[in-house]
Each structure stands twice: as structure tokens, then as C-alpha cells.
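Undergrad: Below are the sequence and a predicted model for it; my questions follow.
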Protein chains: 2
Amino acid sequence: MANMQDIARIAGVSLGTVSHVVNNSARVREPMRKRVLDAVQAAGYQPSQLARGLRRDKTNMIGMIIPDITNPFFPAVVRGAEDVAFSNGYRLILCNTDNDHDKELIHLNELRTYLPAGLIVIPSNFSDLTAQAESYRRAGAGVVCIDRLPTNWSGDSVTADNEAGAYNATRYLIQLGHRKLATITGPLHLTNAQERLAGFKRAMRETRLDVAPEYAQETSFDKRGGHAKALILLRLIPRPTAIFAGNDMIALGALLAIREAGLRCPEDISLIGFDDLDLAEFTNPSLSSVSQSGYELGTTAARLLLERREGDKSPAKHLTLQTSLKLRHSVAPPKQAAEDHPATKMRSKAKTNRLAPKA
Amino acid sequence: MANMQDIARIAGVSLGTVSHVVNNSARVREPMRKRVLDAVQAAGYQPSQLARGLRRDKTNMIGMIIPDITNPFFPAVVRGAEDVAFSNGYRLILCNTDNDHDKELIHLNELRTYLPAGLIVIPSNFSDLTAQAESYRRAGAGVVCIDRLPTNWSGDSVTADNEAGAYNATRYLIQLGHRKLATITGPLHLTNAQERLAGFKRAMRETRLDVAPEYAQETSFDKRGGHAKALILLRLIPRPTAIFAGNDMIALGALLAIREAGLRCPEDISLIGFDDLDLAEFTNPSLSSVSQSGYELGTTAARLLLERREGDKSPAKHLTLQTSLKLRHSVAPPKQAAEDHPATKMRSKAKTNRLAPKA
DNA sequence: CAGTATAGATGAAACATTTCAAAGCGCCCG
DNA sequence: CGGGCGCTTTGAAATGTTTCATCTATACTG
């Protein structure tokens, strides 16, 4: 590959001049400028990002650390981040942690040696990134946490309004006439699971409905967990008539359990998930869900990072994205309340329907 | 961050010695060696990947160029590649092309300036990577194409046995008693779509069944395309009793179209997709599909790359991964043939069932 | 014990940039 | 015509490694 030296020789100018032309870092008189540009064109020269990064003490890479790209919520997040990054000349290094704190640490430590422009992190379980983030910030690289936050996180963040989303979903079920609600939460050491549970509880409290401990089951954010915990819920007396699941994978497992138990959704049990994954549309019945845009989560985080890169020194920002309730076929009024509750009329046959989230 | 100079000073040795200890590139006597290691530990030193890459003329990065991480088939591929890369000390730079050849070219050109250890590429439409790949190879970096190949590709590749997979699926439908089969292929400039069509045709030819042109519709690999083309197929006379879809997204669209047309799957029309995405399990009816492991595609490609990196100079390898037929509820014997065809007994109520692929 | 081979340690060059201080140069003004 | 000023251009240093040629000291051989 041609290097700057070559270009300088071809164009008959000094090394510094080539650099100035390439980077627009100083005035260069037109004829000379043109000679350089021509040489660049002719040789197909592209500056070495390595040398550039080494010298500038910063590269155009952005580290993206996520639990697992295979989890259907994350690809959109990554894509959002990549799109914004790409169109601003940045590239993404993708790292999967499997929620393993050690793996996260390995990535955190190694990525720093690439002098990335910043980091977008979906923290693993029990992360404490404060020290690491501080070290990145000292090196002039921003760190944005998204989706859920480590304990004591004081840096930039972008998350969905989990509490409001859960609240709206729960309130909707209550308005349909449900009185015996249950929830299957994600791991409660994760802030997003906590917030969703909080939203659920607030809606219940507001209606003076009780949440007995066994009606709030905690599990991992996956199908298997949802399946196991739903089986437990279905054995409770009285049996819940509606379940709010911490995410769509849990809801999917619950759906399976409901079917296995010989019950029907939504006739016997209503079900609402969270995330509004693509698959929510294809389940049988199709799954109602609190919709959050993973893509937007990614773009917002990347933009925040780039603003910091441009020199934004303002105090830590906590951006919250609104959710919307996507109604499909997995919800219905409870059987005994179908006729006598006024909210029943809200039951919609429409495949999708938006309920504006709390402002 | 501490650099090598610091370590040398702390340990009281020369720069070169530190390097040799860190890289095991030369014998260093134990006491000195230990002093260096202690200093590294104490300072939390990590070598700059930038400087190292610049000097070694090669980094530990692998470029991964794919159409769109949001397409549900690709996350597993990426994850497979990342797992093998990670456990060998390599990191992945993820690039989405949206099947846009220009975007692909931008990535191809820029990635080279990072001096990556190699490239894993799912080529975009109409790619001709020969020249680019040659330039990478000259720089000592391997290029592996996966999933589908550019025209005239002569380098390393890993693909599924698309032809056999399609053949088996089609043959299965025929054995069930179907005689009027149709297919909705992906874009026929893509080799995987071509091969799947070829497998379909071979099975038809073997049974002396005709494939009239209008019974083989071509479209993009997505739901919308499948939907549109299925509507066309459903209007044909005689109407096909089974459709082999070029991938699961197409099948999904077809499923929608079948439902819209007031027909039932599998009673009126059987349907088989390709890829066996997670969602195939959740559709209604659940979708039969030719299963290929995206994860394995990724791991195999990464391993191939690393072998090249270790100096394997053997001629281009073309690895082919076997597929298996995953039977679910979207297939049934055709109504009129339900009783009188011997193959009918193969119809299984089992949710999943493997049919060994052609050896 | 002298001479030599050899393992071990070192210092400097090289990788491809950016950037800063300094030099060159034309031009205007006195 | 000389001095000074401001715009261009240049050359060199610096970034953090690796590696190669040297150099040193140690052990071995005759």
C-alpha cells in the first residue's frame, strides 16, 4: 500500500504538506493542493488508521459491549449504533460478554489499548464500571451505558422508560377488568427488570390491588425461565387471569406453559410482554407487548458519544426513550368480568393499537 | 496508561527485554523475567494494539462484513465468528452493507488500513471481490466468503449445502404426495438462491414433474417479497399444493398471504422454508424448514481464517455444511392424495423430526 | 588459562502518521 | 530599497511497539 511518503514523492512536496491536504489541517495553495490530491487519487492512497490513531492518541473505533448478539433484542441496538457511527466515519468493534463479568473486564481492558473514540456498553450482571469508565474518560473517550445500568452508574446513559411502559401495560390489563395479576420479572439485579417491576407495582397500588409475593416471580430473561415460572403461577389459587412478562422471551415461555397446562391465551389468561420483538407478531396468539425501539437506543447512544467526542463537557446525561403499548391477540378481558366491567369496551379487535405512554 | 518504557524503567531493564518477556520472543533469565512481569502486573500494563499493529504490520482484528445484523439469520453467524475469534485473541469489527455494493467497497477499502488479520464476508449483491481479496492476500490477510459467493469467487469459502437441502425438502413434499409444487426463490443473482432453486428442480426432474416458469417466482429474501409472490402463486390454475420458500422470511410472507387468501396451511397448502430461524417455531402453524447452522458457518469461517493466519498456504478451500430438514406443522399430504399415497405414513405429528441429509 | 562459542541483554531503527517550531517567500509600506 | 508581516511550506520530533544487529558475560574446550 502506498503511504504518505510515496504521495509526497509523487507530488513533489513534503510529508507535512500531504498530511495537511489530507486532513485539511492547514491552508495549502491550490496548485500544490491539487498535485497532492491527484497523487492520492492515482495511488489509491488511504491513510493508515493505525499510525494515525497512534499519533493522534485516538482512533475512529467505537467499542460496543453487549451480552449476546444472538439475543433478538440486541441486533437492532447494534445496528442503530453502527449506522450513526458509520455515517460519521466511525467503526464498531463488537464484543459479546454473555453477561459474564470477567469477559466484560477482558474486553474493557483490551479495548482501551485501541484508543477507541468511545464505548457503548450494555452492562453484564453485577457490573461496576465506575473505575473503568473513569479511566476511559481520562483518556478522552466517552462511555455510554444503555438498556440497563450498573449499580452506582453516574455516567451517560440511554434507557427505555421501563417503569412507565410496565405501568401502562399493567393499567391496561386492570382496565380490562383483570384483578388477579401476576408478573414474571427478569433478574432483579438488573435495573430494567427492577423498573418494570416497579411500574407493575405502581399500577397495582394505584388500584389498591395486592401483589402477594408469589405472584411476582423472578427469573432470567429467557424462554426457559418464563416457562418454568409461568407453570408455578398457573398452579396458584386463585389463578392469575393476566400475566405481565418482563420481556418477550419470558412471555414466549409463559405462552408455552399456558398451552401445556391446557389453558388458552387469551381466553383463560392474558399475557403482555416487553420489547415488542419481531416474533411477537408471529406467535399464536400474537403477543401484546410494550414496544421499545432498540434501534433508537443504539442511535441515541452513538450520538451522545459523538457529542462528547466533539467536546461536550456537560454533566452526565440520562436519556430516556418512550415506549408504546402494542396490542395484539394475547389479551382479553377476564372471563367472569367480560360483561360487567366498563373498561371492556376498550378491548380492541385491531391487530395493533397504540396507547400513548405517560408523558 | 503505562507504556513499555515505563515498565522498562520500573523493572530496571531495557525496552527490548520487556518486549521479549511480553511476547515470549526470546529467552530471558528468570530473575529479570520476573522483575518485568511484576512491573507489568503492578502498573497494569497492556501493550498498545495500535503500536503493535503498526510495527508488526498486522493487527488482531478481523473484519466482518455482512448485509444486515438485523436480518435474523446473521446474528448467529456473527456470534460464531466472534466466539472463535475471541478465544484466539482476535476481535471483530462489524460492518453492515445493506447489500449495497458501494458501502461494501468503502468498508473493504477502509478496513485494509487497520491491517486486519483477515476478513469474513457475506458478499452483497453483484459483488466482485476478486481484486480486493487479492490485495488483502498480498498484505497477508485471508478473506473468507460465506453463505453465498460472488461471481467468479476463487478464494476460501464456507456455505451450506443449499442444493441438497432444497432437494431433500422438495423430495419430502413429493413423497407426501404433492404433485403441483411451486417455489419462491431469493434473488437469483445470489448463489445460495440459485443453488436452492437447483435442488428444487433436481427433485422435480427426478420425479418427472414439470416446473412451469410461473411456478418458480423470484423475489427478495424478505417477508414482503414472499407475501407478494405467494399471492401470485395462489392465483395460478392449477393452484400449487405445496410451496418451497427460498428462506424463512419468504415463507413467513407466504404464510400471511395464504391466510389472507382464505386458505389454510397445511390443509390447503404445505410450506417449507429455509434457515430454520428461531421464529419458525412460533409461527402458526409452526414452520417446517431446512435447518442450517449460522453459528457453525461463523465458527468455520473464523477457523479457516486463523489457519491461513498460521501460515496455511494450501489452495482455496470450499467448505460445505450439511443441512437437515426440520419438520413442523406447516406440511401435510395434499387433500386429494391423503389416502392413496404410500408416503402419507411419513406424515408425522411430532413437532420436530430430523431427516438425514443426503450424504 | 587463553580462546571461543553462546545465551542473554541492549540500543537503535523502523512502522506511518501528526504537529509544532522554524524557515521561506512574496508583498506592502515607509 | 530594506524591514517586517503573514501566509505557505518544510523538516523533525514524537507516538509505542518489534526486531535486528551488537555487545556482554558466562561457560566450555583444548
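TA: That came through fine. Numbering: from 1, shown residues only, chains lettered A, B, ... in the order given.

Undergrad: How about the secondary structure of the residue in chain A that chain B sits nearest to?
TA: Going by C-beta to the nearest C-beta, chain B is nearest to A:Asn284 of chain A, at 3.6 Å. Backbone N, C-alpha and C define where each C-beta goes, glycine included. Following DSSP: H, G, I helix; E, B strand; the rest coil, we place A:Asn284 in the coil state.

Undergrad: who's in contact with it?
TA: A:Asn284 sits next to B:282-284 when contact means C-beta atoms under 8 Å, 6 or more residues apart in numbering or on different chains.

Undergrad: Can you show me the helices along the stretch 151-300 of chain A?
TA: Using DSSP state H, counting those that start in this stretch, the helices of the stretch 151-300 of chain A run over residues A:162-175, A:191-206, A:223-235, A:248-260, A:294-309.

Undergrad: Okay, buried residues for the fourth one please.
TA: In this case it means helix A:248-260. Neighbour-count burial for helix A:248-260, counted by 16 or more other C-beta atoms under 10 Å in any protein chain shown, picks out A:248-258.

Undergrad: Then stretch A:94-105?
TA: Here stretch A:94-105 shows A:94-97, A:99, A:103-104 as buried, counting by 16+ other C-beta under 10 Å.

Undergrad: CA atoms only: put that stretch into CSV for me.
TA: Output in CSV follows, covering the C-alpha atoms of stretch A:94-105 (Å, rounded to 0.1, in the frame of the first residue of the first chain):
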residue,chain,number,x,y,z
LEU,A,94,-18.4,-5.8,18.6
CYS,A,95,-17.9,-7.7,21.9
ASN,A,96,-20.2,-10.3,23.4
THR,A,97,-19.9,-10.8,27.2
ASP,A,98,-22.6,-13.5,27.8
ASN,A,99,-23.3,-11.4,30.9
ASP,A,100,-20.0,-12.7,32.3
HIS,A,101,-18.3,-10.0,34.3
ASP,A,102,-14.8,-11.4,33.7
LYS,A,103,-15.3,-11.4,29.9
GLU,A,104,-16.6,-7.9,30.2
LEU,A,105,-13.5,-6.9,32.0
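
Undergrad: can you give me how far it is from the chain middle?
TA: The chain centre lies 16 Å from the centre of stretch A:94-105; the measure is C-alpha atoms, centre = their mean, to the nearest Å.

Undergrad: quick check: domain ranges of chain A?
TA: Listed by automatic domain parsing, the domain ranges of chain A are A:4-47, A:57-160+A:295-321, A:162-292+A:323-355.

Undergrad: now for these, which one comes closest to DNA strand C?
TA: DNA strand C sits nearest to domain A:4-47 of all the domains of chain A, at 3.1 Å, using C-beta to the nearest atom of the strand.

Undergrad: Tell me the residues of the stretch 1-150 of chain A that contact DNA strand D?
TA: A:13-17, A:20, A:26-29, A:32-33, A:51, A:54-55, A:57 (C-beta under 7 Å from any atom of the strand).

Undergrad: From those, which land in strands?
TA: The strands, defined by DSSP state E, take in nothing from these.

Undergrad: Of those residues, grab the buried ones for PyMOL.
TA: A single PyMOL command suffices to select whichever of those are buried according to 16+ other C-beta under 10 Å:
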select buried, chain A and resi 13+17+20+28+32+33+51+54
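
Undergrad: so which of the residues of the stretch 1-150 of chain A next to DNA strand D are also by chain B?
TA: Among these, proximity to chain B is found for A:51, A:54 (C-beta under 8 Å from any C-beta of the partner chain).

Undergrad: can you tell me which of the residues of the stretch 1-150 of chain A next to DNA strand D are up against DNA strand C?
TA: Checking these against DNA strand C by C-beta under 7 Å from any atom of the strand, the ones in range are A:15-16, A:20, A:51, A:54-55.

Undergrad: My guess is A:Asn109 contacts B:Pro47. True?
TA: No - in this structure A:Asn109 lies outside contact range of B:Pro47 using C-beta atoms under 8 Å: 11.4 Å.

Undergrad: Those two: which is more packed in?
TA: B:Pro47 (17 against 13; other C-beta atoms under 10 Å in any protein chain shown).

Undergrad: Tell me who's in contact with that one.
TA: Applying C-beta under 8 Å, 6+ apart, we find B:Pro47 in contact with A:113, B:4, B:22.

Undergrad: Burial check on the closest residue to A:Gln46 other than its chain neighbours, number of neighbours?
TA: Spatially, and ignoring its direct neighbours in sequence, A:Gln46 is nearest to B:Thr113 (5.1 Å; C-beta to C-beta, 6 or more residues apart in numbering or on different chains). Residues within reach of B:Thr113, counting by other C-beta under 10 Å, total 16.

Undergrad: same question, the one 4 residues further on
TA: Taking other C-beta under 10 Å as the criterion, the count of residues near B:Ala117 is 24.

Undergrad: got the phi/psi numbers for it?
TA: Per-residue torsions, B:Ala117: phi -70, psi -20 (degrees, to the nearest 10).

Undergrad: Phi and psi next, for the residue lying closest to A:Leu15 once chain neighbours are set aside.
TA: Leaving out its chain neighbours, the residue that sits closest to A:Leu15 by C-beta to C-beta, 6+ apart is A:Ala8, at 5.0 Å. Torsion angles at A:Ala8 (phi, psi; degrees, to the nearest 10) stand at phi -60, psi -40.

Undergrad: I'd say A:Ala8 and A:Val18 touch.
TA: Yes - here A:Ala8 reaches A:Val18: they are 4.9 Å apart, a contact under C-beta under 8 Å.

Undergrad: who has more neighbours, those two?
TA: A:Val18 (27 against 18).

Undergrad: who's in contact with the more buried one?
TA: A:4, A:7-8, A:11, A:36.

Undergrad: Could you dump the residues you listed into JSON lines with distance to B:Thr299, pLDDT and secondary structure added?
TA: Formatted as JSON lines, those follow (distance: C-beta to C-beta, whole Å; pLDDT from 0 to 100; DSSP: H, G, I helix; E, B strand; the rest coil):
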{"residue": "A:Met4", "distance to B:Thr299": "39", "pLDDT": "95", "secondary structure": "helix"}
{"residue": "A:Ile7", "distance to B:Thr299": "41", "pLDDT": "96", "secondary structure": "helix"}
{"residue": "A:Ala8", "distance to B:Thr299": "44", "pLDDT": "95", "secondary structure": "helix"}
{"residue": "A:Ala11", "distance to B:Thr299": "46", "pLDDT": "95", "secondary structure": "helix"}
{"residue": "A:Val36", "distance to B:Thr299": "45", "pLDDT": "96", "secondary structure": "helix"}
